[in-house]
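K.L.:
No letters, just coordinates:
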């Protein structure tokens with residue numbers, strides 16, 4: 001998944017190394033392998049321009065391979081290409097610290113590189129495809145995409161999946177969850193610190209105040225092609241203090257904002273607003289079956305009842321999950337009894353219960369929330 005190329009002063013003196021580098025860059029372009037160049041006691045500019053010891057090596061190659069000069073040109077082009085990648089330069093740093101930075105970077109990228117099973121994310125594939133089209137990550141412009149929809153509709157799930165899918169195409173990134181809640185509890189300074197630490201790969205960062213944080217973020221965003229997700233935003237001031245203006249960002253950067261407030265995205269003048277809609281009937285029934293039966297083909301006796309429960313959830317994924325999860329192992333009579341209780345309560349109020357949940361709910365808290373939501377629902381009857 002990764003190739004670490006250590007470019008030393010004498011790297012170019014080895015035709016074998018140069019042939020290997022050509023192959024590595026082919027793997028990057030064809031197989032999406034992640035390449036990290038390490039400039040060990042040699043500046044990136046010398047490698048890019050083939051100067052210094054690199055110039056001496058290529059002067060020799062021009063004579064040695066005069067009958068195969070295309071090979072020499074290919075080596076030159078490949079060296080130039082690899083220096084355009086985000087890498088590490090030793091300079092005057094201690095080697096142990098330098099190595100630790102490389103390890104941290106790979107671990108960070110590796111956490112998003114492994115493929116994720118989408119079996120339980122019903123309807124996610126079409127949404128991801130639409131989001132990828134809007135993001136157009138190969139384009140070198142700056143794009144801010146708003147993801148808008150009601151609470152519990154799946155905005156955070158979609159943003160997280162897309163983030164994991166494309167994270168490795170960027171020099172750095174940050175996924176800030178539950179901004180609305182974190183802002184109420186800890187204020188903007190805490191959010192700024194988290195964003196800066198994640199993008200700079202630092203464990204801690206001393207920021208004096210919010211204005212100081214704004215200056216640091218502006219400087220940081222202008223030097224790195226980053227991927228940033230701001231989840232559950234509900235105030236314009238949060239956005240202004242975390243991403244500022246479009247011209248703060250380095251070309252090629254992408255920002256995804258999830259929110260329940262469409263007007264907020266209009267005020268920010270985002271590139272595009274993607275509305276996350278309710279699941280269609282087929283997907284809603286599929287998700288309900290997975291939660292209630294752990295498979296997509298339950299007993300025929302439960303088909304009619306399943307459709308009735310799905311009807312009450314109104315295509316809201318979180319509501320479907322809660323209803324399905326608490327019907328596991330219950331008999332048909334219990335299903336009918338619970339359904340009658342639901343019928344006594346207005347559908348709109350049921351949906352409102354789930355919309356009041358946090359959009360950015362962490363996976364480890366999900367089961368706890370399911371229990372709370374269900375018993376809150378039952379307590380209303």
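P.N.:
Looks like it arrived, so ask away. Because the structure is a prediction, the values reported are computed rather than measured.

K.L.:
three-state assignment of the residue nearest to residue 87 when sequence neighbours are not counted?
P.N.:
Using CB to CB, 6 or more residues apart in numbering and skipping the chain neighbours, the partner closest in space to residue 87 is residue 37 (3.6 Å). The C-beta positions use only the backbone N, C-alpha and C, and glycine is treated the same way. Secondary structure, DSSP: H, G, I helix; E, B strand; the rest coil: residue 37 is strand.

K.L.:
can you list the domain ranges for the chain.
P.N.:
2-108, 124-275, 281-379 (automatic domain parsing).

K.L.:
Strands along the stretch 201-350 of the chain, start to end?
P.N.:
With DSSP state E, counting those that start in this stretch as the criterion, the stretch 201-350 of the chain has strands at 226-230, 254-259, 272-275.

K.L.:
Who are the packing partners of the second one?
P.N.:
If I follow you right, that is strand 254-259. With contacts defined as 3 or more CB pairs under 8 Å, 6 or more residues apart in numbering; DSSP states H and E, the packing partners of strand 254-259 are strand 143-148, helix 155-166, strand 226-230, helix 262-268.

K.L.:
now it against helix 155-166, angle please.
P.N.:
Angle, strand 254-259 to helix 155-166, by axes from the mean of the first three to the mean of the last three CA atoms, to 10 degrees: 170 degrees.

K.L.:
State the distance from the closest residue to residue 146 other than its chain neighbours to residue 273.
P.N.:
Leaving aside its chain neighbours, residue 146 sits nearest to residue 265 (3.6 Å; criterion: CB to CB, 6+ apart). Distance from residue 265 to residue 273, counting by CB to CB, to the nearest Å: 5 Å.

K.L.:
Neighbour count: the two, which is higher?
P.N.:
residue 265 (24 against 15; other CB atoms under 10 Å).

K.L.:
can you list the weak-confidence ranges in the stretch 151-300 of the chain?
P.N.:
Scanning the stretch 151-300 of the chain for pLDDT under 70 picks out 201-204, 296-300.

K.L.:
And the stretch 1-150 of the chain, by the same measure?
P.N.:
In the stretch 1-150 of the chain, residues with pLDDT under 70: 111-120.

K.L.:
Most tightly packed of the domains of the chain?
P.N.:
Comparing the domains of the chain by mean neighbour count (mean count of other CB atoms under 10 Å), domain 124-275 comes out on top with a mean of 18.

K.L.:
gap between the two ends of that one?
P.N.:
Using CA to CA, to the nearest Å, one end of domain 124-275 lies 13 Å from the other.

K.L.:
Quick check: neighbours shared by residue 265 and residue 273?
P.N.:
Residues touching both residue 265 and residue 273 (CB atoms under 8 Å, 6 or more residues apart in numbering) are 146, 148.

K.L.:
on that earlier part again, is it true that the residue nearest to residue 87 touches residue 5?
P.N.:
Yes - the criterion here is CB atoms under 8 Å, and residue 37 meets it with residue 5 at 4.9 Å.

K.L.:
For those two, list the residues in contact with both.
P.N.:
Contacts common to residue 37 and residue 5, judged by CB under 8 Å, 6+ apart, are residue 82.
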